[in-house]
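Novice: Any chance you could fold what I've pasted below:
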Amino acid sequence: MKELIGFISITTILLLFLLLVFGLFRVALITLPTSAVAVSVMLSILYLFRIHRIRRLNSHGTLSRMLIVQFDGQRLHWDLEESQIELYAKAKLATCMSTMLGILSIWLILDIVHKRGAFHDLARFSPDVKLAISYAISGIVVLVTLIKAKPVETLKDAIWERASYLVCQTNTQLEKIQELRSLETAIKSIAYQLKTSFPADFKTEIQEFVNAHKKEVLSDTTELNKLIAENIKRAEEDRIHLEKANNHYRAAMKLYTVVAIEVNWTGSIPLIKEMEYDYEGLTSENLKSLLSNRKWDDFYDIVNEIMKDLQRLRELAIKYQEEGTNGYKKETDEEKAYRIMEISSAVSNEEIKNAYRELARNYHPDNAEQTTLGIKKLAEERFKEINWAYDFLKEIRNFC
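Specialist: As a prediction, the model looks like this:
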């Protein structure tokens, strides 16, 4: 403002000096106060408009439209949108009004002094010419004032400064946000152990709430803290359910490992196929999706059913092994070979070949690539037994 007043003063003095040079002392005396009044009127209008605009920023509805709010998971970050600042700083109406009032004040003052004969002196110019010169000089001062004042730019700077101050004063403290972050980390850790994805993204929900309620959040974060508290409650419930589901699932997989060893030692194809069916059920995406959809009871029901079936298979495998052990000492190599091949001694050589091909397909080690190392090892041992039995029968029955 000081620079503007200084520039206008210097410009006015130079113009008046020119008038004095041309012997228009009376015109200079009249033009000086006239220009000062016009400039004062213009600057007053612009200043009042700027005060009005800045004070309206204290209304959070106005300020919220200019803000970009980002939530990084820990706190809110406020920034000003430059395009909104520029839009709010439009001063066409104030500029036009100040210019019109400035010109009007010049016309009124000069018209009054002209009617009272202030321009009648002994100079070589007529009163009308002097009036025109005074109008021209005053108009130039008004134009210079308008150009130098830069109403839009100065208003924009003032609004930006005030808005930045209000943003810095905004209460952005979020209670218990760290607790919510800890719960999210725990949920993701359990989901990783279960090898499944689980919706634990509170950040997006909070960001959406802030975008929809910027006006309220600017002055008070009570509602936002309520939302965080609700998220904490839901996250804690999810963590408890997931932890329970994870423990239950780990128990089922542990049982499966025990049963798999015992069943594979029996060499019984029906038992092995049932066991593989249970394994597919435990590792299926459909089972894991129940957790993502928070269908806890359905998850427990399915896992419990699989565990019951695994327990049944375990009992059958133990019984099968006991029966095989009781008769093992009386079993000859030929009887053992037929038992391993799961055929009777009355079958033909061609049927032995077919049985071998079927068993080789079922117990080839390559088929156990996706299972545990222990089960793969059992499959390799079983495959060796089948090859031994087949070679033994080929030798004693003399076929190729």
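Novice: Correct me if wrong: Leu271 contacts Leu313.
Specialist: Yes - between Leu271 and Leu313 there is a contact under C-beta atoms under 8 Å: 5.9 Å. Every C-beta, even on glycine, is put in place using the N, C-alpha and C of the backbone.
Novice: Identify the contacts common to the two.
Specialist: Common neighbours of Leu271 and Leu313 (criterion: C-beta atoms under 8 Å, 6 or more residues apart in numbering): Val263.
Novice: any idea of the mean pLDDT in the longest helix along the chain?
Specialist: Longest helix of the chain, by residue count under DSSP state H: helix 222-266. Averaging pLDDT along helix 222-266 gives 88.
Novice: Kindly indicate whether Gln70 is helix, strand or coil.
Specialist: strand (DSSP: H, G, I helix; E, B strand; the rest coil).
Novice: same deal with Arg55?
Specialist: Arg55 falls in the helix class when you classify it by three-state DSSP.
Novice: Count the residues that sit near it.
Specialist: Using other C-beta atoms under 10 Å, Arg55 has 11 neighbouring residues.
Novice: Repeat that for Ile133.
Specialist: Around Ile133 there are 18 residues (other C-beta under 10 Å).
Novice: now do Leu359
Specialist: 23.
Novice: what sits against the closest residue in space to it that isn't next to it in sequence?
Specialist: For Leu359, ignoring the flanking residues on the chain, the nearest one in space by C-beta to C-beta, 6 or more residues apart in numbering is Ile386 at 4.8 Å. Counting by C-beta under 8 Å, 6+ apart, Ile386 touches Ile340, Met341, Tyr356, Leu359, Ala360, Tyr363.
Novice: related to what we said a few turns ago, out of Leu271 and Leu313, which sits in the more crowded spot?
Specialist: Leu313 (25 against 20).
Novice: Can you classify the more buried one by secondary structure?
Specialist: Three-state call for Leu313 (three-state DSSP): helix.
Novice: for it, what are its contacts?
Specialist: Taking C-beta under 8 Å, 6+ apart, we find Leu313 in contact with Val259, Val263, Leu271, Glu274, Met275, Asp278.
Novice: do that again at 7 Å, thanks
Specialist: Applying C-beta atoms under 7 Å, 6 or more residues apart in numbering to Leu313 gives the contacts Val259, Val263, Leu271, Glu274, Met275.
Novice: between these, which has the most around it?
Specialist: Result: Val263 is most packed of the contacts of Leu313 (other C-beta under 10 Å), 29 neighbours.
Novice: Go ahead and confirm it touches Glu276.
Specialist: No - between Val263 and Glu276 there is no contact under C-beta atoms under 7 Å: 9.4 Å.
Novice: And the strands in this protein?
Specialist: Using DSSP state E, the strands assigned to the chain run over residues 67-71, 76-80.
Novice: Put together JSON lines for the ones you listed, with mean pLDDT on each row.
Specialist: Listed next are the strands of the chain as JSON lines, based on pLDDT from 0 to 100:
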{"stretch": "strand 67-71", "mean pLDDT": "82"}
{"stretch": "strand 76-80", "mean pLDDT": "80"}
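Novice: got the domain boundaries for the chain?
Specialist: Domain assignment for the chain, taken from automatic domain parsing, gives 2-169, 177-239, 331-400.
Novice: what about Asp111, distance to His52?
Specialist: 31 Å (C-beta to C-beta, to the nearest Å).
Novice: Also Lys288?
Specialist: 61 Å.
Novice: residues near Thr31, how many?
Specialist: Thr31 has 26 neighbouring residues, counting by other C-beta under 10 Å.
Novice: That one touches Ser138, doesn't it?
Specialist: Yes - counting by C-beta under 7 Å, Ser138 is a contact partner of Thr31 at 5.9 Å.
Novice: dump the residue contacts of the residue lying closest to Met253 once chain neighbours are set aside.
Specialist: Excluding the flanking residues, the one nearest Met253 by C-beta to C-beta, 6+ apart is Leu282, at 6.5 Å. Contact analysis of Leu282 by C-beta under 7 Å, 6+ apart lists Ala252, Met253, Tyr256, Ile306.
Novice: List buried members of these by neighbour count.
Specialist: Among the contacts of Leu282, the ones that count as buried by 16 or more other C-beta atoms under 10 Å are Ala252, Tyr256, Ile306.
Novice: Tabulate the residues you listed (CSV), appending distance to His241.
Specialist: Below are the buried ones among the contacts of Leu282 laid out as CSV (distance: C-beta to C-beta, whole Å):
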residue, distance to His241
Ala252, 16
Tyr256, 22
Ile306, 19
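Novice: Out of these, which comes closest to Glu223?
Specialist: Glu223 has its nearest neighbour among the buried ones among the contacts of Leu282 in Ala252, at 43.2 Å by C-beta to C-beta.
Novice: Please tell me how far Asp157 sits from Lys148.
Specialist: Distance from Asp157 to Lys148, by C-beta to C-beta: 15 Å.
Novice: same thing with Gln74?
Specialist: With the distance defined as C-beta to C-beta, Gln74 ends up 47 Å from Lys148.
Novice: Now do Arg162: how many residues are near it, please.
Specialist: By the criterion of other C-beta under 10 Å, Arg162 has 17 neighbours.
Novice: nope, Lys254 is what I was after
Specialist: 10.
Novice: That one: what's it in contact with?
Specialist: Counting by C-beta under 7 Å, 6+ apart, Lys254 makes contact with nothing.
Novice: With that, I have no additional questions.
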